[in-house]
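1. Okay, here's the prediction I keep looking at, along with the sequence it came from:
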Amino acid sequence: MKFNDFNAAQVRIARPTDQFDDVIDFYKNGLGLTEIERFKGNSGYEGIILGLPDVNCHLEFTRHVDGSPCPAPTKDNLLVFYITDEEEINKVVNRLNGMGYEEVEPENEYWKEKGVTIEDPDGWRVVLMNRSYD
């Protein structure tokens, strides 16, 4: 990824969770992200790195032996996936619904025009948006 004054090989968003297994289930089995790596024993931490195939953008979830609380921020802090095929969005939404995750009302109406918003086990919101910035 080329930025104004440097090149980044990858981007990773990392966060702790006290619902490690549920969060992995949501993102890996619900959203369908690919497991890239798991790690354990790093100063009491264990974690998982998930990503999209052939894309250098990753999510990392960790937990610590002493606990890893991660309260959700506002309802407008979002992780947005741009998906151009509406059938693919419906497939993911149906899978998440079957796992007990229902659509929630977005804080900003913009996300409802072409998207579906669902909360993960920690209350963080994910938007599946039917458009692209190509």
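-> Structure's in. What do you need? Numbers count the residues shown, from 1 in each chain.

2. Tabulate the CA atom coordinates of the longest helix along the chain in PDB.
-> Using DSSP state H, we find that the single longest helix of the chain is helix 86-98. What follows is helix 86-98, C-alpha atoms only, in PDB (Å, rounded to 0.1, in the frame of the first residue of the first chain):
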ATOM      1  CA  GLU A  86     -25.400  -8.200  -2.900                       C
ATOM      2  CA  GLU A  87     -25.900 -12.000  -3.000                       C
ATOM      3  CA  GLU A  88     -22.600 -12.400  -1.100                       C
ATOM      4  CA  ILE A  89     -23.800 -10.000   1.500                       C
ATOM      5  CA  ASN A  90     -27.100 -11.900   1.900                       C
ATOM      6  CA  LYS A  91     -25.200 -15.100   2.300                       C
ATOM      7  CA  VAL A  92     -23.000 -13.700   5.100                       C
ATOM      8  CA  VAL A  93     -26.000 -12.100   6.800                       C
ATOM      9  CA  ASN A  94     -28.000 -15.300   6.700                       C
ATOM     10  CA  ARG A  95     -25.100 -17.200   8.100                       C
ATOM     11  CA  LEU A  96     -24.700 -14.700  10.900                       C
ATOM     12  CA  ASN A  97     -28.400 -14.700  11.600                       C
ATOM     13  CA  GLY A  98     -28.300 -18.500  11.900                       C
END
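
3. which element follows it toward the C-terminus?
-> Later in the chain than helix 86-98, the nearest helix or strand by DSSP states H and E is helix 110-113.

4. what angle do the next helix-or-strand element following that following helix and helix 86-98 make?
-> Using DSSP H and E, the helix or strand that follows helix 110-113 in sequence is strand 115-119. Orientation check (axes from the mean of the first three to the mean of the last three C-alpha atoms, to 10 degrees): strand 115-119 against helix 86-98 gives 20 degrees.
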